[in-house]
Each structure stands twice: as structure tokens, then as C-alpha cells.
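Novice: 3D model of this:
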Amino acid sequence: MNPNYSRIKNYETVISFLQGWPSFHDFEIVSMLFERSHDGEEPWPILTIQFFGFRLDVGPESPNRNNCLLTLQFGGLDNVKLEGFNHQNAINGLVVLSKWSERLNQEIFNVEIIQGFGAGVTFGCSEIEVLSVNPAVPSKWWQNKDT
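Specialist: Coordinates of the predicted model:
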């Protein structure tokens with residue numbers, strides 16, 4: 001991922017928890033929620049994705065691995081393509097680039113969740129926000145889901 005992460009709202013919480021912005025390599029998509037509007041503001045589709053993640057530079061048995069459930073929300077979705085969602089959804093990375101949208105007359109994000117085993121997703125969006133980063137136990141992320 002390039003420095004475009006600094007345009008993500010609350011990105012500092014991820015950097016604080018994981019000691020840097022992750023590549024999302026080997027993260028898993030736990031859940032995806034598509035919604036068609038956002039609380040009385042200008043109606044727009046949003047996507048909330050919860051990932052199980054960790055520090056890739058630390059061994060799996062280390063307490064410094066910082067296993068977590070990381071929730072990102074993508075607002076103002078455009079041209080979503082989703083394929084292969086299954087029981088695991090390990091990904092090979094998350095790429096966020098900026099591009100100019102003539103149709104919206106503004107800079108937007110171009111997002112690619114690189115397919116590993118399971119889901120692959122591409123879309124444009126007008127904003128990205130970190131909703132939460134919470135500690136999680138690797139084999140029991142489903143029990144930590146709402147923390």
C-alpha cells in the first residue's frame with residue numbers, strides 16, 4: 001500500500017495497534033456488509049468489511065503479533081466487483097490508489113482487495129474510515145466479533 005492510507009479517516013489507530021500500516025497480506029475477510037444509504041445524509045452505498053489481521057513481521061506464536069479484528073468502512077461506492085467469497089477469504093493484499101473522477105468531479109479511491117483463497121473485490125469509493133481495531137484470538141475471531 002502506498003501513502004494514500006493517510007487519507008483514510010482514523011488511520012492512526014491502525015498504525016498504533018500494528019506498529020505501521022499493513023499490506024493486508026494473509027489477512028482474512030471475516031464479514032462484508034453492503035448498505036444502500038447512510039443515516040439521513042446524502043444517500044450513497046457503503047461497504048463495511050471486517051478483517052482478521054496481524055503484524056506480518058512477527059512470528060505467529062509471539063504475543064507481539066497483535067492479532068486483531070480491523071473494521072474499515074468504504075463510503076460512496078461505485079462499480080463494485082466481488083468474486084469468490086467463501087468460508088475463509090484469505091487475501092493477498094489491499095491496494096488503495098487515488099484517481100480523479102470526471103463523473104463526480106472529485107478525487108476518489110480506487111480499491112483492490114487482492115484475491116488469495118476466497119474473495120477478491122474491486123471498487124471505487126469517495127471515502128474510507130477505520131471504524132475499529134480490536135484485539136482478537138486467531139482461532140476464535142468469531143467469538144471476538146462484536147468487541
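Novice: where does pLDDT dip in the protein?
Specialist: Residues of the chain meeting the criterion pLDDT under 70: 1-3, 38-43, 138-147.
Novice: where along it do the helices fall?
Specialist: 11-18, 141-144 (DSSP state H).
Novice: quick one, what contacts the closest residue to N89 other than its chain neighbours?
Specialist: Nearest residue to N89 in three dimensions, chain neighbours excluded: G118, at 3.4 Å (Cβ to Cβ, 6 or more residues apart in numbering). Where you see a C-beta, it was placed from the backbone N, CA and C, and this is true even at glycine. Contact analysis of G118 by Cβ atoms under 8 Å, 6 or more residues apart in numbering lists 28-29, 84-91.
Novice: run the last query once more with 6 Å
Specialist: Residues in contact with G118 (Cβ atoms under 6 Å, 6 or more residues apart in numbering) are 84, 86, 88-89.
Novice: ok, now how distant is it from Q73?
Specialist: Per Cβ to Cβ, to the nearest Å, G118 is found 20 Å from Q73.
Novice: count of neighbours near the nearest residue to E83 once chain neighbours are set aside?
Specialist: Counting by Cβ to Cβ, 6+ apart, E83 lies nearest to G120, which is 5.3 Å off, once chain neighbours are set aside. Using other Cβ atoms under 10 Å, G120 has 18 neighbouring residues.
Novice: same check, this time on the one 4 residues further on
Specialist: Per other Cβ under 10 Å, the neighbour tally for G124 reads 19.
Novice: which one is it nearest to, not counting chain neighbours?
Specialist: Spatial nearest neighbour of G124, chain neighbours left out: D78 (4.0 Å); criterion: Cβ to Cβ, 6+ apart.
Novice: thanks again, I'm all set now.
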